[in-house]
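Q: take a look and give me a structure for this.
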Amino acid sequence: MQVIGRSDKVDFPELGLENIEAKIDSGAFTSVIHCEEIHAHYRNGEHMVSFLLYNGEEALRREAKVFASRQVRSSFGETEYRYTIKTPVVLFGKSYLIELALTNRSRMKYPVLLGRKLIGERFVIDVSRKNLSHREKLRREKQLSE
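A: The predicted structure follows:
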C-alpha cells in the first residue's frame, strides 16, 4: 500500500484543476470539493449539475452529469442537499475515478476532502507527513526537464 500524508496537493484533470489542497480524511466516507453556484438541471434527458470552482483566484464554470444526490448533515450540523459527480483525481502519478460531492467549503481550511472510498485499501495515512504525492510529482517534472 502507498503511504499518504495528512494532506496533499491533487489534480482533477477533467475539471481543469491542478495542485489543489486536499485533506486526507479517514472520518469522511466520500470525497468533497468546494464549489459555489451549484445548480441542477436536465439537458437532453440527463440530470446535470453546473457549478463554480476556483483554481487559485480564477473562477471556472463547470458542468457534469449527476452521479447521485442525497441529503447529508454537514460538519456544522446543518442538513443540506448534495450532488455527487464522478471524476478522476491524480495522486502519485495515478488516476483514480472517484465520487466527488459538491458543496460550499468556504469556511474550511481545505477546499477538498478525500474520504475513505478513495483511501480504502490503496493508502495508509501517516499523519506526521504531508504533500507526498505532490513532492513525487515535482521530482518527476524536474527529471523530465533535465
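Q: neighbouring strands for the host helix or strand of residue 72, and are they parallel or not?
A: For residue 72, the element it lies in under DSSP states H and E is strand 68-73. Strand pairing for strand 68-73, determined by DSSP bridges: strand 79-91 (antiparallel).
Q: buried residues in the strand it pairs with?
A: By neighbour count, and taking 16 or more other CB atoms under 10 Å as the criterion, the buried residues in strand 79-91 are 82-85, 87, 89, 91. (Glycine included, C-beta is placed from N, CA and C.)
Q: in TSV, list these along with pLDDT and distance to residue 146.
A: Rendered in TSV, the data for the buried residues of strand 79-91 read as follows (pLDDT from 0 to 100; distance: CB to CB, whole Å):
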residue	pLDDT	distance to residue 146
82	91	44
83	95	43
84	96	41
85	97	37
87	97	32
89	97	28
91	96	24
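Q: quick check: mean pLDDT of the strand holding residue 72?
A: When the per-residue pLDDT values of strand 68-73 are averaged, the result is 85.
Q: try stretch 131-142
A: What stretch 131-142 shows for mean pLDDT is 93.
Q: likewise for stretch 53-60?
A: The model assigns stretch 53-60 a mean pLDDT of 88.
Q: how close does the nearest residue to residue 116 once chain neighbours are set aside get to residue 117?
A: Leaving aside its sequence neighbours, residue 116 sits nearest to residue 29 (CB to CB, 6 or more residues apart in numbering; 5.4 Å). Counting by CB to CB, to the nearest Å, the gap from residue 29 to residue 117 is 6 Å.
Q: now the nearest residue to residue 109 once chain neighbours are set aside, what's its secondary structure?
A: If the residues on either side of it in the chain are set aside, residue 109 comes closest to residue 23, at 7.4 Å by CB to CB, 6+ apart. In three-state terms, and counting by DSSP: H, G, I helix; E, B strand; the rest coil, residue 23 is strand.
Q: just give the number of residues close to residue 23.
A: 18 (other CB atoms under 10 Å).
Q: and what of residue 59?
A: When neighbours are defined as other CB under 10 Å, residue 59 has 11 of them.
Q: what helix or strand does it sit in?
A: Residue 59 is located in strand 58-65, with elements delineated by DSSP H and E.
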